[in-house]
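Peer 1: quick one, fold the following:
(chains A and B)
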Amino acid sequence: MSEEPIRPQGRSEDVLRLVLPIILLGLGILVWELIVRLKGIPPYILPAPSLVFATLISDWPLLSESLAVTLVTTLEGFVLALIGGVGLALLFNLSRLVEYSLYPYAVILQVTPVVAIAPLLLIYLPQQGAVLACAWIVAFFPVLANTTLGLNSVDHNLVDLFRLYGASRTQVLWRLKLPSALPYILGGLKIAGGLSLIGAVVAEIAAGAAGAGSGLAYRISESGYRLNIPRMFAALVLLSVVGILIYFALSFLSHLMLRRWHESAVSREA
Amino acid sequence: MSTTAATDCAVSLRAVGKSYANGVVALDQLDLDVRPGEFVSLLGPSGCGKSTALRILAGLSEPTSGAVIWPRPDAPRGEREIGFVFQEPTLMPWATVAGNVRLPLDLQGIDAATAAPRVTAALARVGLADFADVYPRELSGGMKMRVSIARALVTESTLLLMDEPFAALDEITRFKLNDDLLSLWENLRKTVVFVTHSVFESVYLSSRIVVMTPRPGRVFTEFAIDASYPRDQRFRTSAEYGVLCRRASEALAAAAKAKSDATP
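Peer 2: Numbers count the residues shown, from 1 in each chain, chains lettered A, B, ... in the order given. Purely as a prediction, here's the structure:
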């Protein structure tokens, strides 16, 4: 048996994983542009990518304002989901009684479609509060479920070891349970990031129908009514970009926190 | 045996019984005296309750009947401190080798500056001085087990409990770790209770072997291994070693037979 440590190695496949989707995107946009031009499709049915891009620039003052509103809602929903999900999971972990009492309601909140809840929330809450509540409702459950799983997946021998050395409850929590659960929590956050955006968008659409709002989703429905299809696409592109950025930011965070020790983040020699 | 006899022991088990809710009786009327400075092996087939006995010694499991007797029950915590080595390395994957070894000190609230030299010393003793900043997943199975041993040494407790620590390792690594463990034991004057199902390992390491019968776990017989230390490759290939191994094997076989005679 060799006693040499195994050092993780980088790989060049990463380049392909980045370049291939971008090439495909470029091709898709090109085909789209050509079809619109050759067939002479009017912009109120399908705008060419070049027109969408031009609209994005010309409408930027309006769109950027909406983008900021949606971003803030998403971020707030995400942070609340993180606090609520992890906090509730910790509470469940400390007390079985609390877990048995509350978990079914967490599930009910999750399985009831948020589109159906949003109009109700808009009646009882101020608009911004309702949008935030929707973002939170859809985003907190994956954090809760994953953190609960993580906290229950602690190595039993390590639990014994901590007991043997007289660890306090707080020490077990901070030094054992939370680090053990970290990969699961980060997995939950990756899902929650996208979902908080979805929650915010759904609530904005519902609120928009009620005649108020200024987020990106509201812009989309408003542009729809006005048959301003290029702006609809421009807002949609922005939403998509936000979603992608959230996903990458959270993946990067996860990678930073796990790269030294967790199997999921350590690259191996092929 | 009277309870007063326990005072010159490192720790004793008196008439310890352990049964589980599902009706399995793991231990029954188990008496065991661990003398200061000895290397005692609990030898027995799988399921004879030897690991359970070790867990009860460590306080990780409560006996259903009987008692664990410490020579000075009112002694400060430090004197009853135990180093425990599990069958698996049981390392925290998110902490470096040094972080893992420092854990018992961290949990006692010892500050980093005081802990650092002790961690370095413990790592040097197991030959891992250069690997302090490496993460466990980068280590081989044998090295992980060394980290686990360093962690058990860092508190400078006198009693070291080991639960089949080398069972999952290949033979070459196991022989090397056996030798290293023996020299640690001789240099540091620890008391070691070593659980194993390997006759050869128990004879090579121990100053005394306690053979246990399975279901319920009980002491069948015990005998001293008088061969002098330090023991090395020469001992492992000597005629004396062969004789002792045969004796231990026969005791183990007799223990199994006594069991099957008792329950036809």
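
Peer 1: going forward, measure contacts between C-alpha atoms and count neighbours the same way
Peer 2: Fine.

Peer 1: list the buried residues for the lowest-mean-pLDDT helix or strand in chain B?
Peer 2: Ranked by mean pLDDT, DSSP states H and E, the weakest helix or strand in chain B is helix B:239-262, scoring a mean of 82. Across helix B:239-262, burial judged by 16 or more other CA atoms under 10 Å in any protein chain shown covers B:Y241, B:L244, B:C245, B:A248, B:S249, B:A251, B:L252, B:A254, B:A255, B:A256, B:K259.

Peer 1: from the chain's centroid, how far away is that helix?
Peer 2: Chain-centre distance of helix B:239-262: 21 Å, with CA atoms, centre = their mean, to the nearest Å.

Peer 1: likewise stretch A:244-255?
Peer 2: Relative to its chain's centre, stretch A:244-255 lies at 9 Å (CA atoms, centre = their mean).

Peer 1: now swap in stretch B:8-16 and tell me
Peer 2: Per CA atoms, centre = their mean, the centroid offset for stretch B:8-16 relative to its chain is 15 Å.

Peer 1: number of residues surrounding B:W94?
Peer 2: If you count neighbours by other CA atoms under 10 Å in any protein chain shown, B:W94 ends up with 22.

Peer 1: secondary structure element holding it?
Peer 2: Using DSSP states H and E, B:W94 sits within no helix or strand.

Peer 1: residue contacts, it?
Peer 2: Neighbouring residues of B:W94 by CA atoms under 8 Å, 6 or more residues apart in numbering or on different chains: A:P179, A:L258, A:R260, A:W261, A:H262, B:Y135.

Peer 1: please apply the same query to B:G217.
Peer 2: Taking CA under 8 Å, 6+ apart as the criterion, B:G217 is in contact with B:V25, B:A26, B:L27, B:D28, B:L30, B:C48, B:G49, B:K50.

Peer 1: ok, which of the residues you listed also contact chain A?
Peer 2: Checked against chain A using CA under 8 Å from any CA of the partner chain, these give no members in range.

Peer 1: neighbour-wise, give me the winner out of those.
Peer 2: The residue in the contacts of B:G217 with the most neighbours, by other CA under 10 Å, is B:K50 (31 neighbours).

Peer 1: now A:P126. Its backbone dihedrals?
Peer 2: Reported as degrees, to the nearest 10, the phi and psi values for A:P126 are phi -60, psi 150.

Peer 1: distance of it from A:A200?
Peer 2: According to CA to CA, to the nearest Å, A:P126 stands 14 Å off from A:A200.

Peer 1: which one's more surrounded, the two?
Peer 2: The neighbour comparison of A:P126 against A:A200 (other CA under 10 Å) goes to A:A200, with 34 against 10.

Peer 1: can you tell me the SS state at the more buried one?
Peer 2: Following DSSP: H, G, I helix; E, B strand; the rest coil, the label given to A:A200 is helix.

Peer 1: thought it was touching A:C134?
Peer 2: Yes: A:A200 is within contact range of A:C134, at 6.3 Å (criterion: CA atoms under 8 Å).

Peer 1: low-confidence ranges in the stretch 151-264 of chain B?
Peer 2: Applying pLDDT under 70 to the stretch 151-264 of chain B flags the ranges B:259-264.

Peer 1: can you name the residue of it nearest chain A?
Peer 2: Proximity of the stretch 151-264 of chain B to chain A (CA to the nearest CA) peaks at B:T173, 6.8 Å away.

Peer 1: how much space separates that residue from B:S140?
Peer 2: The span separating B:T173 from B:S140 equals 10 Å under the rule CA to CA.

Peer 1: B:F39 too?
Peer 2: 27 Å.

Peer 1: now do A:P230
Peer 2: Distance, A:P230 to B:S140, by CA to CA: 59 Å.

Peer 1: and the two? Which one has more around it.
Peer 2: Ranked by neighbour count (other CA under 10 Å), A:P230 and B:S140 place A:P230 first, with 25 against 17.

Peer 1: circling back to that earlier point, out of the contacts of B:W94, who has the most neighbours?
Peer 2: The most crowded member of these, judged by other CA under 10 Å, is B:Y135 (23 neighbours).

Peer 1: OK, contacts around that residue?
Peer 2: Going by CA under 8 Å, 6+ apart, the list of residues near B:Y135 reads A:R260, A:W261, B:P93, B:W94, B:A95, B:T96, B:V97.

Peer 1: can you name the residues that contact A:L82?
Peer 2: A:L82 touches A:F140, A:V143, A:L189, counting by CA under 8 Å, 6+ apart.

Peer 1: list the buried ones in the host helix or strand of it?
Peer 2: In the assignment (DSSP H and E), A:L82 maps to helix A:60-94. Residues A:63-64, A:66-67, A:69-71, A:73-82, A:84-86, A:88-90, A:92-93 are the ones in helix A:60-94 that count as buried (16+ other CA under 10 Å).

Peer 1: helices of the chain, start to end?
Peer 2: Let's take chain A. Along chain A, the stretches classed as helices by DSSP state H are A:13-39, A:49-58, A:60-94, A:96-111, A:114-124, A:127-152, A:156-164, A:169-171, A:178-209, A:216-225, A:229-258.

Peer 1: chain B, not that one
Peer 2: Counting by DSSP H, chain B has helices at residues B:50-58, B:97-107, B:112-125, B:141-153, B:171-188, B:199-205, B:233-236, B:239-262.

Peer 1: follow-up on the earlier one: pick the one among the contacts of B:Y135 closest to B:I225.
Peer 2: Nearest to B:I225 out of the contacts of B:Y135 is B:V97 (CA to CA; 35.2 Å).

Peer 1: how many other residues sit next to the closest one?
Peer 2: B:V97 is flanked by 28 other residues according to other CA under 10 Å.
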